[in-house]
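Colleague: Test case, fold it:
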Amino acid sequence: MNINPMMKLQDFWNGSIINYLDNPWNIITLIIDIVIVLFLIIKVVKILKGSRAMQLVKGILFLIIITWLSSIFNLRILNYILTTIMTYGVILLIVLFQPELRRALEQLGASNKITKYFGLERDIISKTKEDIYKVVLAATELSKKKIGALIVIERDIKLKEIIATGVALNSEISPQILVNIFTPNTPLHDGAVVISDNKISAAACMLPLASDEDIARELGTRHRAALGMSKESDAIVVVVSEETGKISIAKEGTLIADLKEEALKKILISNIITKRFKENDKKTIVEKIKNIKFNKNVSENNDINKNKL
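Modeller: Residues are numbered from 1 along each chain as shown. Here you go, the predicted model:
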C-alpha cells in the first residue's frame, strides 16, 4: 500500500499542530521554546565557528534531515540504519571531540559580565595596557635574541589546571622577568608562562598539543602547544620561534604568524581590552540617549510651566 507523503504531512499538521495551537498559552510557550532553541543554536555556532567540530555539525544536520525524510517517505530500512547510527554515534562524538565540547561548555558557563579576564576593570585599563606593552617588549627582545617562548594570557576561561602543571610565581609582569624565564639553561625556561589577573601566575607550564594535521610541518612543538591551548580555551598565546625568531599569536584555534611589534600590540589590545568594553560602550551610549530624552522632557515641562505663569 502506497502512502502519499504529502497526505502524511497534512494529517500531521491538521491532527497535531492545529489542535495544539487552539490554546493561547500553548502559543506563548511555543514562542518561548523557539526563542530559547534559536539562542542556544546561535551560541553553539559562534563557539564552534572555525573549529573542526563545525564540519561535524553540518554533517549531523544533514543526517537529521535525511532521517526525518526517510520517516516521512516510510523508508524503513534507511530510517532504522540512520536512527541506530545517531543513537550510538553520540558516544563516539563525545570521545572524538572532547576538547571542542569542553571548550564550548566552559564558554557557555563563563559570564563576560562577571568574569574578569586579565584582571580587567574600568579602573585598571591603563594598568592592563601597561602590562600588554611589557609583554610586547619581552616578546620583541626574545625575538631579537632568537630565544623560544610561550606566553599564555588568560581570558574568560580560567587556567587553573594548566597553572598547576608549572611552578607558581605570582609575580608582577616585567620584560626583564619574562626574558630571564625563557633564557636557555635557566630552571624555568622549558614550558609556558601563564599570565592571569595581571600577574605572572606560573612558569614551566605544560600545554596540550594540537594534532599534526592542524599545523604546518615547518612549525615546531611550541606552535603546536599554542594552537592546542587556544583550541581548548579562549586564551591568547604569544609564541616566539627559537629557529627564526618570528613572533606569532594563537587564538581561537588559529595561528597569526610573523608579527612585528606594532601588529602584536594592536592584536593584544584588540582582543584583551577593546572587545571587552564594547558592551560597556554600548550601554554608555544608551544611557546618554536616555539622559538626552530625560533632559528634553524636563525642559519641555519647564517651558509649559513658564507659559502657565
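Colleague: Please report how far Lys58 lies from Ala202.
Modeller: According to C-beta to C-beta, to the nearest Å, Lys58 stands 39 Å off from Ala202. For glycine as for every other residue, the C-beta is placed from the backbone atoms N, C-alpha and C.
Colleague: wait, I meant Ile173
Modeller: Relative to Ala202, and taking C-beta to C-beta, Ile173 is found at 13 Å.
Colleague: The two: which is more packed in?
Modeller: For Ile173 and Ala202, the more surrounded residue by other C-beta atoms under 10 Å is Ala202, and the numbers stand at 26 against 21.
Colleague: Please name the residues that touch the more buried one.
Modeller: Ala202 makes contact with 162-163, 166-169, 193-194, according to C-beta atoms under 8 Å, 6 or more residues apart in numbering.
Colleague: just checking, which of these belong to strands?
Modeller: Counting by DSSP state E, the part of the contacts of Ala202 found in strands is 167-169, 193-194.
Colleague: JSON lines for those, including neighbour count?
Modeller: As requested, the ones in strands among the contacts of Ala202 are exported to JSON lines (neighbours: other C-beta atoms under 10 Å):
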{"residue": "Val167", "neighbour count": "13"}
{"residue": "Ala168", "neighbour count": "12"}
{"residue": "Leu169", "neighbour count": "18"}
{"residue": "Val193", "neighbour count": "26"}
{"residue": "Val194", "neighbour count": "28"}
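Colleague: List just the nearest of those to Val179.
Modeller: Val193 (11.0 Å; C-beta to C-beta).
Colleague: thinking that closest one is in contact with Ile200, fair?
Modeller: Yes. The criterion here is C-beta atoms under 8 Å, and Val193 meets it with Ile200 at 6.0 Å.
Colleague: Find residues that contact each of those two.
Modeller: The contact lists of Val193 and Ile200 share 178, 181, where a contact means C-beta under 8 Å, 6+ apart.
Colleague: picking up where we left off before, and the ones in strands among the contacts of Ala202, which two are furthest apart?
Modeller: It's Ala168 and Val193 that sit farthest apart of the ones in strands among the contacts of Ala202, by C-beta to C-beta, at 11.8 Å.
Colleague: Mind listing the residues bridging to Ile247?
Modeller: Assessed by DSSP bridges, Ile247 has beta-bridge partners Val240, Leu259.
Colleague: Wait, Ala203 touches Ile162, no?
Modeller: No. Between Ala203 and Ile162 there is no contact under C-beta under 8 Å: 11.6 Å.
Colleague: between those two, who's got more neighbours?
Modeller: Neighbour count, other C-beta under 10 Å: between Ala203 and Ile162, Ala203 has more, with 26 against 23.
Colleague: Just checking: what are the partner strands of the strand or helix carrying the more buried one?
Modeller: Assessed by DSSP states H and E, Ala203 sits inside strand 199-205. Sheet partners assigned to strand 199-205 using DSSP bridges are listed as strand 167-171 (antiparallel), strand 192-196 (antiparallel).
Colleague: about what we covered before: for the contacts of Ala202, work out which two are farthest apart.
Modeller: Ile162 and Leu169 (13.7 Å).
Colleague: returning to that earlier point: which one of the strands paired with strand 199-205 lies closest to Ile177?
Modeller: strand 167-171 (6.2 Å).
Colleague: what residues does whatever helix or strand comes next after the closest one touch?
Modeller: Following strand 167-171 in sequence order, the next helix or strand is helix 175-182 (DSSP H and E). By C-beta under 8 Å, 6+ apart, the residues outside helix 175-182 that reach it are 134-135, 137-138, 141-142, 145, 147-149, 151, 171, 186, 188-189, 193, 200, 203, 240.
Colleague: how about Ser201, what does it touch?
Modeller: Taking C-beta under 8 Å, 6+ apart, one finds 154, 159, 163, 168-170, 194-195 in contact with Ser201.
Colleague: Output those residues as CSV; include the columns distance to Arg222 and pLDDT.
Modeller: Listed next are those as CSV, based on distance: C-beta to C-beta, whole Å; pLDDT from 0 to 100:
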residue, distance to Arg222, pLDDT
Glu154, 18, 91
Leu159, 17, 89
Ile163, 18, 92
Ala168, 22, 94
Leu169, 20, 94
Asn170, 24, 91
Val194, 15, 96
Ile195, 17, 95
